[in-house]
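[1] need the 3D shape of this:
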Amino acid sequence: MINFLRLLSLAVLLWCSIGYAQENTSFINGKIVVRRGSVDAISVINATKNASVLSDKYGYFSISSQVGDTLKFISPNYIEYTYVVNEFDIKRNPVLFPLEPLFTMNQLDEIVITKIDSDALGITNQYTKRHTPAERQLKKATTGGGIIPVDPIVNYFTGRTAMLKKAVAYEKEGTRTEKLLDLVSRDRLVSYYKIPADYVDSFAYYAVSKPEVKEVLNASVIDTRYLERYLTPIVFEFIELINKSDKEPIDTKVK
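    So this is what the prediction gives:
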């Protein structure tokens, strides 16, 4: 009798459990939508319940799900999509799931190009001579390669070597000009030395062509007062040149 009651209790408990499970088991009726491409045979996996189905050729599917279950959509043609079921999904029919295509055939991953030079590799130091672009071209034109370098000979007769030498000279003059204007500002050249504003760049090129100014600018440490000591007579020379071409003389009195 006791055993019978126990069996009856277990049967009732099992029946209640089955009924409760059936009440809490629901299905999601979904439809996969894409911009272009096939939606047939896409795997829909309920990762929570370890259940899976395949979509039909129209993208429709039905899978057992509850609120909080995690669905995964997997296909070789689309980006994997993960979705967590909410209470509204159970009531909707169908639930739309958009997938994005993989552009593996016509879209490249981002390519990052990093400049690698001797400085980045750490194989240069403060004693390493760095050549400017014009200097590198001149070196290539005058040295060449191989047992008998042909380029230097051709460049010599065509005048390219001379042209490149001038380019290097102009490049160095331009560098010195920038350095001069960094040390002695444009405002000071105009207000103190009375250089017309339109002639400041011309004066800078004129000044750096002087050997004494070149020597000062080539020094590793530059004393601005020492530099301006050389600039003063050059200012008078330059303004005199301007006055020869202009009608109105320029006041050269330095404050």
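
[2] my guess is residue 82 contacts residue 72. True?
    Yes. The criterion here is Cβ atoms under 8 Å, and residue 82 meets it with residue 72 at 5.4 Å. To be clear about C-beta, it is placed using only N, CA and C from the backbone, and glycine gets the same treatment.

[3] who has more neighbours out of the two?
    residue 72 (14 against 11; other Cβ atoms under 10 Å).

[4] tell me which residues in whichever strand or helix holds that one are buried?
    Assessed by DSSP states H and E, residue 72 sits inside strand 70-75. Neighbour-count burial for strand 70-75 flags 71, 73, 75 (criterion: 16 or more other Cβ atoms under 10 Å).

[5] wouldn't residue 186 be in contact with residue 200 here?
    Yes. Look at residue 186 against residue 200 with Cβ under 8 Å: they come within range, at 5.1 Å.

[6] SS state for residue 216?
    helix (DSSP: H, G, I helix; E, B strand; the rest coil).

[7] circling back: packing partners of the strand holding residue 72?
    strand 43-46, strand 78-84 (3 or more Cβ pairs under 8 Å, 6 or more residues apart in numbering; DSSP states H and E).

[8] check contacts around the residue nearest to residue 218 when sequence neighbours are not counted.
    Closest residue in space to residue 218, ignoring its immediate chain neighbours: residue 176 at 8.0 Å, by Cβ to Cβ, 6 or more residues apart in numbering. Residue 176 makes contact with 208, 213-214, 217-218, according to Cβ atoms under 8 Å, 6 or more residues apart in numbering.

[9] now the residues you listed in CSV, with pLDDT?
    CSV is the format used below for the contacts of residue 176 (pLDDT from 0 to 100):
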residue, pLDDT
208, 88
213, 89
214, 87
217, 87
218, 86
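
[10] neighbour-wise, which one of the residues you listed leads?
    residue 208 (22 neighbours).

[11] quick one, what contacts that residue?
    Neighbouring residues of residue 208 by Cβ under 8 Å, 6+ apart: 173, 176-177, 180, 214, 217.

[12] leaving out the residues flanking it, which one is nearest to residue 212?
    residue 230 (5.0 Å).

[13] just the pLDDT at the one you found, thanks.
    Looking at residue 230, its pLDDT stands at 89.

[14] now the one 3 residues further on
    In the prediction, the pLDDT value recorded for residue 233 is 91.

[15] quick one: contacts for it?
    If a contact means Cβ under 8 Å, 6+ apart, then residue 233 has no contacts.

[16] who are the packing partners of whichever strand or helix holds residue 188?
    Using DSSP H and E, residue 188 sits in helix 186-191. Helix 186-191 sits against helix 200-208, with contacts defined as 3+ Cβ pairs under 8 Å, 6+ apart.

[17] of the contacts of residue 176, closest to residue 86?
    residue 217 (73.7 Å; Cβ to Cβ).

[18] residue 178 versus the closest one, what's the distance?
    Applying Cβ to Cβ, to the nearest Å, the value for residue 217 to residue 178 is 10 Å.

[19] how much space between the residue nearest to residue 218 and residue 217?
    Distance from residue 176 to residue 217, by Cβ to Cβ: 5 Å.

[20] and what of residue 94?
    79 Å.
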